[in-house]
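Chemist: Take this sequence and fold it.
(4 chains)
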Number of protein chains: 2
Amino acid sequence: MGAVPERDESEFLANYDPRAYDPVAVTVDVVALTIRDGALHVLLVRRGNAPFAGMWALPGGFVHAGGPVRGDDAEDLPEAAVRELAEETGLSAKGGALGRVHLEQLGTYGAPGRDPRMRVISVAYLAFAPELPDPEAGGDAADATWTAVDALGLSESGEQRPGTTRRLAFDHARILADGLERARAKLEYTPLATAFCGGEFTIPELRAVYEAVWGEELHAGNFHRKVLSVPGFVESTGATSDRGGRRGGPRPRLYRAGDARLLHPALLRPSREEEIR
Amino acid sequence: MGAVPERDESEFLANYDPRAYDPVAVTVDVVALTIRDGALHVLLVRRGNAPFAGMWALPGGFVHAGGPVRGDDAEDLPEAAVRELAEETGLSAKGGALGRVHLEQLGTYGAPGRDPRMRVISVAYLAFAPELPDPEAGGDAADATWTAVDALGLSESGEQRPGTTRRLAFDHARILADGLERARAKLEYTPLATAFCGGEFTIPELRAVYEAVWGEELHAGNFHRKVLSVPGFVESTGATSDRGGRRGGPRPRLYRAGDARLLHPALLRPSREEEIR
DNA sequence: TTGAGTTCTACTCATGCTGAGACTTACTCA
DNA sequence: TGAGTAAGTCTCAGCATGAGTAGAACTCAA
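Modeler: Numbers count the residues shown, from 1 in each chain, chains lettered A, B, ... in the order given. Below you'll find the predicted structure:
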């Protein structure tokens, strides 16, 4: 990063042969999450090509490395993640529906044998999106849909329970489980729940995000107090929603995301005794 | 992960040519941290070969992919991290000094141009170690030492301040900065500070770990109360240290790590107002 | 040997955050 | 129009925290 190579490195580089090593491929896979109908959904594509043709998978694909074969189109890892998301779903990357998604690196999965073709190292990304239009399949994907996470029968250990109809290819069940756990944790100490909402939202809508991701009901009054008391979490627009709740109740006020990057104090999920040991 | 390939995949795999893509290399780099003389130290090696020969770097190297060139020695990513750590430092991996280190994945760095040789994707690991013997250089390393983190002049943005003598190769300053921030955060909500101590330790020793990593003095009384009140953080051995503090004071009692995996409630670092916005 | 200085451990107290519940008000739907 | 629902505010008890005090045990130097 800004460091200057030594003098005699040019000679070294001229004689360097990358083909002297065993080949490895690098892919990106994206765990894209959104809230639909009050439930957490993940974007899945149906694989059109081998391996695992016909099974469901996270959107993703090979990183453009840049080099002699395909030309000098080297792309950075987050770029590759956005490109794959756009290609396989038909959603437009810049300014379009994907413009406002939060994207962060989740982890890298590289166990030998996880891809039958060759040694593949997959860098997984996690995306939080407000409600997006239905995707259109493209690229390698035969189909692409938002799928309710609950319908995938994921256990905490990263496997799908027997009897689940929509089975995931590769080690994507493990990656998705890790992504969900990361999302649950991030809601505690960052304001990223607002990334699931549109530009303006109500506190009950924000609470619905927490309830969908954590799978738990929260105390409405305490949640309200907490959100307003954490500095920079939300800021008031002064406006009021034009409708009350679905089944009655007064019209909630509208807020937008504040400028905080961390919630302090954090908004901890209730009772996680099981996870502590 | 347990999924069975479809019937006609064998034909597909027989015709698959991994060389049809631009070559990418995958490396692992390790941010190995320990406490020496009350200060946080990181393991650095002096590069013996180009690129960046003579500069300091995190221990690391290429992952053995397995395949036709080098033989079927495919290794998983954490394995590669432990192997590189052992090779470049002379510390023995299994049962030896490296036997009790905590290892976790930190993140993956793959910007085009970060390595002048070719497109290199580096998977970084973070290791927490109790006080280890001085390393012996090996492998590609011309030298290997524990270096005080404070001496590297790292800014929060992941760059070295001008005037720092020991300059880091590649984007290793960025990786190290990310590793330090991860370590600081992990001490808050996990009992991993105990991984910096030996098998038995005193509460003042544990406090010294927190103070070294956070760079802040803690209130001794409150720290003591907190550590003992969090369930599963430490358990008593019943024994007492055979010496008081360096400059006086009663002999502290000895504890060992408990069975908790998360601290609840967390042990938050004081006053981070700056980091919130 | 003694005394000054240090530190472990335990305690107190004020403050602030949290969970649980009650209550008022405003809205939807039948 | 009335029953049911939910937003927003409030109260109260319990717990965790930060800050300070105090006693006892130890090291080190005079």
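Chemist: Check whether the longest strand along chain A comes near DNA strand D.
Modeler: Taking DSSP state E as the criterion, chain A has its longest strand at strand A:25-36. No. Strand A:25-36 stays clear of DNA strand D (CB under 7 Å from any atom of the strand), getting no nearer than 14.9 Å. Any C-beta I mention is one placed from the backbone N, CA and C, and that applies to glycine too.
Chemist: Now do that strand: which elements does it pack against?
Modeler: Applying 3 or more CB pairs under 8 Å, 6 or more residues apart in numbering or on different chains; DSSP states H and E, we find strand A:25-36 packed against strand A:39-47, strand A:60-62, helix A:77-89, strand A:120-128, strand A:141-148, helix A:172-189, helix A:203-214.
Chemist: Pick the most deeply packed of these.
Modeler: Stretch with highest mean neighbour count among the helices and strands packed on strand A:25-36: strand A:120-128 (a mean of 25; mean count of other CB atoms under 10 Å in any protein chain shown).
Chemist: Check which helices and strands it is in contact with.
Modeler: Secondary-structure packing of strand A:120-128 (3+ CB pairs under 8 Å, 6+ apart): strand A:25-36, helix A:77-89, strand A:102-109, helix A:172-189, strand B:120-128.
Chemist: Could you dump the helices and strands packed on strand A:25-36 into CSV with distance to DNA strand C added?
Modeler: Below are the helices and strands packed on strand A:25-36 laid out as CSV (distance: least, CB to the nearest atom of the strand, whole Å):
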stretch, distance to DNA strand C
strand A:39-47, 20
strand A:60-62, 37
helix A:77-89, 32
strand A:120-128, 22
strand A:141-148, 24
helix A:172-189, 10
helix A:203-214, 12
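Chemist: out of those, nearest to B:H219?
Modeler: Comparing those by their distance to B:H219 (CB to CB), the top pick is helix A:172-189, with 23.0 Å.
Chemist: Keeping just the C-alphas, turn that closest one into PDB.
Modeler: What follows is helix A:172-189, C-alpha atoms only, in PDB (Å, rounded to 0.1, in the frame of the first residue of the first chain):
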ATOM      1  CA  HIS A 172     -23.900 -22.400   1.200                       C
ATOM      2  CA  ALA A 173     -26.000 -23.500   4.100                       C
ATOM      3  CA  ARG A 174     -23.000 -22.900   6.300                       C
ATOM      4  CA  ILE A 175     -22.300 -19.500   4.700                       C
ATOM      5  CA  LEU A 176     -25.900 -18.400   5.100                       C
ATOM      6  CA  ALA A 177     -26.000 -19.500   8.700                       C
ATOM      7  CA  ASP A 178     -22.800 -17.400   9.400                       C
ATOM      8  CA  GLY A 179     -24.400 -14.500   7.600                       C
ATOM      9  CA  LEU A 180     -27.600 -14.700   9.700                       C
ATOM     10  CA  GLU A 181     -25.600 -14.800  12.900                       C
ATOM     11  CA  ARG A 182     -23.500 -11.800  11.800                       C
ATOM     12  CA  ALA A 183     -26.700  -9.900  10.900                       C
ATOM     13  CA  ARG A 184     -28.300 -10.700  14.300                       C
ATOM     14  CA  ALA A 185     -25.100  -9.500  16.100                       C
ATOM     15  CA  LYS A 186     -24.800  -6.300  14.000                       C
ATOM     16  CA  LEU A 187     -28.300  -5.200  14.800                       C
ATOM     17  CA  GLU A 188     -27.200  -5.100  18.500                       C
ATOM     18  CA  TYR A 189     -24.400  -2.600  18.200                       C
END
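Chemist: my guess is A:L187 contacts A:A193, does it?
Modeler: Yes. With contact defined as CB atoms under 8 Å, A:L187 reaches A:A193; the gap is 5.2 Å.
Chemist: what's the burial count for the residue in the stretch 151-277 of chain A positioned nearest to chain B?
Modeler: Taking CB to the nearest CB, chain B has its nearest neighbour within the stretch 151-277 of chain A at A:D171, 4.2 Å off. Close neighbours of A:D171, defined as other CB atoms under 10 Å in any protein chain shown, add up to 24.
Chemist: For it, give me its contacts.
Modeler: The contact partners of A:D171, by CB atoms under 8 Å, 6 or more residues apart in numbering or on different chains, come to A:Y109, A:A111, A:R114, A:G158, B:M1.
Chemist: any weak-confidence spans in the stretch 101-250 of chain A?
Modeler: Applying pLDDT under 70 to the stretch 101-250 of chain A flags no residue at all.
Chemist: and the nearest residue to A:T89 once chain neighbours are set aside, how many residues sit next to it?
Modeler: In this structure, A:T89 finds its nearest non-sequential neighbour in A:P135, 3.4 Å apart by CB to CB, 6 or more residues apart in numbering or on different chains. Close neighbours of A:P135, defined as other CB under 10 Å, add up to 23.
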